[in-house]
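Asks: Give the three-dimensional model of this entry:
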Amino acid sequence: MKNVLYSLLLLLGGSTAFAQSPFRLTALKEAEKQITLLNNASGLVPVTDLRDLKIASVQYAFGQKAVFDSIASKYSPVTGYSIAHNPADSALLILHDQLKLYNLILITLSDLSTFDAKLLRFIKDQEAINRVLVVLTGSGKNLALLESLRSPIIWYPGNTAEGASAAAQLIFGGMAASHRLETAYGNVFKSGSGFSTTKIRLGYSVPEAVSVSSNRLTGIDSLMKVAIADHVTPGAVVLLAKDGQVVFHKAYGNHTYSKEEPTQPDDIFDLASVTKVSATTPSVMRLVDQNTIDLKTPISTYVARTRTIPDKATVTIREAMLHEAGYTPYIKFYEKLKPLDLNSDSSAAFPTKVADGFFLRANYFDEVMWPTTLKSKGDTRGKFVYSDVSMYMMKEVIETATHQKLNEYVQKEFYRPLGLQTMGFLPRNRFPRSRIVPTTENDNWFRSMRVQGYVNDPGAAMAGGVEGHAGLFANANDLAILWQMYLNKGSYGGQTYFKPATVDLFTSEQSRSGRGYGFARATNPKQGPKAYPSPLSYGHTGYTGIYVWVDPKYNLVYVCLTNRVYPDDGKTYGKPTLNIRTLILDRFYEAVVQGN
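Replies: A predicted model of the protein is given here:
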């Protein structure tokens with residue numbers, strides 16, 4: 001049946017219509033051309049430090065609030081508030097107090113707002129104690145009524161969804177500002193007034209904005225329709241960023257085949273082995289960048305117990321990062337479990353939660369898993385043999401070198417500064433269950449129950465949910481930001497995370513296998529589609545159905561998130577042969593190459 005459906009799909013060439021973006025290219029260009037940044041002597045725009053940002057978006061008769069808040073929330077969480085028409089003084093005082101926990105107030109106004117003494121007093125009260133940014137749409141004459149403010153003002157004349165999107169992107173550096181006022185408004189905002197900024201983060205636009213035809217992407221919907229019908233995966237989220245613009249971001253299907261929860265674009269997925277290149281590898285890159293560790297250094301320098309083990313004593317960090325250390329590929333730790341090792345209730349004796357109502361006894365990693373890892377045998381040193389054990393080892397190296405737990409280190413060094421809102425380990429500690437796509441209904445390993453928000457990989461789960469090879473969760477937007485930073489040679493949002501030479505070193509070919517340090521590359525015969533990727537491209541897959549790919553030649557970032565192992569890793573439906581992740585990437589490549 002799979003082959004019949006796939007052949008039909010190829011003959012049709014993709015018949016399902018592409019869901020068009022709500023934005024129009026001409027309107028986007030017009031908004032970008034007209035938008036003007038004023039009063040920015042403080043340099044607040046673009047906002048660069050996202051680590052401890054708490055944003056309130058206060059709209060007053062602003063018709064595009066939903067669009068503005070939606071785009072702004074792609075950069076940092078935003079809480080919305082509204083001012084009623086002709087508000088009473090008491091209502092503004094109440095709102096003033098409600099904003100006490102926020103450190104950036106975005107106030108959106110339009111021609112329909114009443115620019116009276118009450119409104120100005122409210123804004124100035126906020127200015128006295130907080131950072132404020134005003135967005136104004138409509139007639140420029142209203143600028144004259146705001147000339148007593150000292151906060152930045154973003155003004156654009158067209159009260160459109162595209163204008164609201166541009167304003168939100170400008171605040172965070174998703175687009176640049178360059179326009180100047182063509183007419184004087186009042187005594188302050190004279191003709192020629194305006195500030196210029198640079199683009200420092202991903203923007204959000206339409207395919208045509210980067211010379212990609214939406215019509216050439218119509219086959220993606222058809223591919224996903226076939227994949228879902230054929231039980232390749234119950235749902236997916238697909239994203240393409242080109243030239244620093246997210247131009248395709250769409251959710252398909254449902255969390256499960258029972259269709260109990262439609263998949264949303266910001267849903268959180270188990271990244272599986274993409275953990276290796278989104279948590280462990282960047283940590284190693286940072287430590288190499290800082291000269292804290294050296295790739296030629298033996299792992300035994302940091303993991304002392306390996307010094308007495310002949311086949312591990314001299315293995316270097318470089319060998320582990322290339323999967324050439326000779327470690328065994330995978331250890332089935334769950335086969336060592338005994339009935340007394342597990343309990344349905346949490347306690348000091350059973351603290352490690354591996355699923356809902358399922359707890360592992362204390363010290364199991366130290367007493368069983370790590371000794372088993374150290375005793376594991378391998379005889380392939382010098383040859384490429386993909387091994388999770390390499391990343392177990394690298395987690396120990398990172399934690400010894402930084403004196404921090406891996407999950408805490410990556411949050412502090414990368415995820416929070418980048419503004420990543422979902423990426424991290426142990427997602428059930430941070431998000432409601434409904435936002436996380438279930439990986440399995442029965443994991444076919446040792447948990448005969450739904451696994452949702454707990455890492456699918458049994459070894460990572462038994463290690464407490466944080467490991468070097470698996471355990472990371474994220475949504476598509478966060479992955480795109482992290483990998484755009486790689487594509488930018490280590491810089492993003494006005495901050496530098498790695499030296500460009502370090503990014504080049506890790507992502508370029510470092511072995512006969514074709515791999516980089518941690519990263520898979522197009523030249524590796526076991527990774528990546530074959531038709532289009534340039535020799536510069538790199539990425540990684542994840543067992544649960546994840547694919548991330550970067551191609552510097554075409555300046556693109558591709559993210560595909562699926563939960564293909566649902567419901568029981570192929571036990572119910574068999575293992576699907578349709579490689580939806582690479583087929584979709586091929587469609588993107590076709591559209592990009594033909595566009596160029």
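
Asks: residue with max distance from the center of this protein?
Replies: For the chain, the C-alpha farthest from the mean C-alpha position belongs to Asn187; by CA atoms, centre = their mean, that distance is 44.7 Å.

Asks: how far away is it from Glu147?
Replies: From Asn187 across to Glu147, the span is 6 Å (CB to CB, to the nearest Å). Where you see a C-beta, it was placed from the backbone N, CA and C, and this is true even at glycine.

Asks: secondary structure class for the residue farthest from the centre of the chain?
Replies: Reducing the assignment at Asn187 to three states with DSSP: H, G, I helix; E, B strand; the rest coil gives coil.

Asks: Tell me who's in contact with it.
Replies: Ala144, Glu147 (CB atoms under 8 Å, 6 or more residues apart in numbering).

Asks: Reduced to three states, what does the closest residue to Ser178 other than its chain neighbours come out as?
Replies: By the measure of CB to CB, 6 or more residues apart in numbering, the closest residue to Ser178 outside its immediate chain neighbours is Ser196, 5.1 Å from it. Judged by three-state DSSP, the three-state class of Ser196 is coil.

Asks: List the residues that contact Ser196.
Replies: For Ser196, counting by CB under 8 Å, 6+ apart, the contacting residues are Leu37, Ala176, Ala177, Ser178.

Asks: pretty sure the last one belongs to a helix, no?
Replies: No: with three-state DSSP as the criterion, Ser178 is coil rather than part of a helix.

Asks: Could you check how many residues crowd around it?
Replies: Residue crowding around Ser178 was assessed by other CB atoms under 10 Å; the count is 15.

Asks: go on, Ile71?
Replies: By the measure other CB under 10 Å, the count of residues near Ile71 is 23.

Asks: What helix or strand is the residue lying closest to it once chain neighbours are set aside located in?
Replies: By the measure of CB to CB, 6+ apart, the closest residue to Ile71 outside its immediate chain neighbours is Ala168, 3.8 Å from it. Taking DSSP states H and E as the definition, Ala168 sits inside helix 161-172.

Asks: by contact count, what packs against that helix?
Replies: Under the contact criterion of 3 or more CB pairs under 8 Å, 6 or more residues apart in numbering; DSSP states H and E, helix 161-172 touches helix 25-34, helix 65-72, strand 104-109, strand 131-137, strand 153-156, strand 203-204.

Asks: Out of these, which gets nearest to Ser376?
Replies: When the helices and strands packed on helix 161-172 are compared for distance to Ser376 using CB to CB, the nearest one is strand 203-204, at 46.2 Å.

Asks: Please give me every residue in contact with the residue nearest the centre of the chain.
Replies: The residue at the geometric middle of the chain, judged as the C-alpha nearest the mean C-alpha position with CA atoms, centre = their mean, is Asp478 (1.3 Å). When contacts are counted by CB under 8 Å, 6+ apart, Asp478 is found next to Tyr415, Leu420, Gln421, Thr422, Met423.

Asks: one more time with 7 Å, if that's ok
Replies: Shown in contact with Asp478 (CB atoms under 7 Å, 6 or more residues apart in numbering): Leu420, Gln421, Thr422, Met423.

Asks: Roughly how far does the last one sit from Asp52?
Replies: Counting by CB to CB, the separation of Met423 from Asp52 is 17 Å.

Asks: Make a markdown table from the contacts of Ser196 and add pLDDT and distance to Val455 to it.
Replies: Supplementary listing: the contacts of Ser196 in a markdown table, determined by pLDDT from 0 to 100; distance: CB to CB, whole Å:
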| residue | pLDDT | distance to Val455 |
| --- | --- | --- |
| Leu37 | 98 | 44 |
| Ala176 | 97 | 40 |
| Ala177 | 97 | 42 |
| Ser178 | 97 | 46 |
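
Asks: Pull the residues that contact stretch 532-540.
Replies: When contacts are taken as CB under 7 Å, 6+ apart, the neighbours of stretch 532-540 outside the stretch itself are 273-274, 276-277, 507, 516, 519-523, 528, 548-553, 586, 589, 593.

Asks: what's the answer for stretch 397-404, then?
Replies: In this structure, residues lying in contact with stretch 397-404 by CB under 7 Å, 6+ apart are 280, 283-284, 287, 292-293, 299, 302-303, 317, 405-406, 409.

Asks: Most neighbours among those, which one?
Replies: The member of the contacts of stretch 397-404 that has the most neighbours, counting by other CB under 10 Å, is Thr280 with 28 neighbours.

Asks: Not counting sequence-adjacent ones, nearest residue to that residue?
Replies: The shortest distance from Thr280 to any residue that is not its chain neighbour, by CB to CB, 6+ apart, is 4.3 Å, and that residue is Gly468.

Asks: Show me the strands in the stretch 401-550 of the chain, by range?
Replies: Along the stretch 401-550 of the chain, the stretches classed as strands by DSSP state E, counting those that start in this stretch are 424-425, 472-474, 491-492, 495-496, 520-521, 538-542, 546-551.

Asks: Provide the strand pairings for the fourth one, with the direction of each partner.
Replies: Pairing partners of strand 495-496, with direction, according to DSSP bridges: strand 491-492 (antiparallel).

Asks: tell me, how many neighbours does Lys338 end up with?
Replies: A total of 8 residues lie near Lys338 under the criterion other CB under 10 Å.

Asks: Could you confirm Tyr102 falls within a helix?
Replies: No: for Tyr102, which was evaluated using three-state DSSP, the result is coil, with no helix membership.

Asks: picking up where we left off before, filter the contacts of stretch 397-404 down to the ones in strands?
Replies: Residues from the contacts of stretch 397-404 lying in strands, with DSSP state E as the criterion: none.

Asks: and of the residues you listed, the nearest to Ser73?
Replies: Using CB to CB, these come closest to Ser73 at Tyr409, 26.3 Å.

Asks: per-residue confidence for the nearest residue to that closest one once chain neighbours are set aside?
Replies: Ranked by CB to CB, 6+ apart and with sequence neighbours excluded, the top spatial neighbour of Tyr409 is Thr402, at 5.2 Å. Residue-level confidence at Thr402 comes out at 98, pLDDT.

Asks: and if you look at the one 3 residues further on?
Replies: In the predicted model, Lys405 carries a pLDDT score of 98.

Asks: Show the model's pLDDT score for the residue lying closest to it once chain neighbours are set aside.
Replies: Once flanking residues are discounted, Lys405 sits nearest to Glu399: 6.1 Å by CB to CB, 6+ apart. The predicted local distance difference test score for Glu399 is 98.
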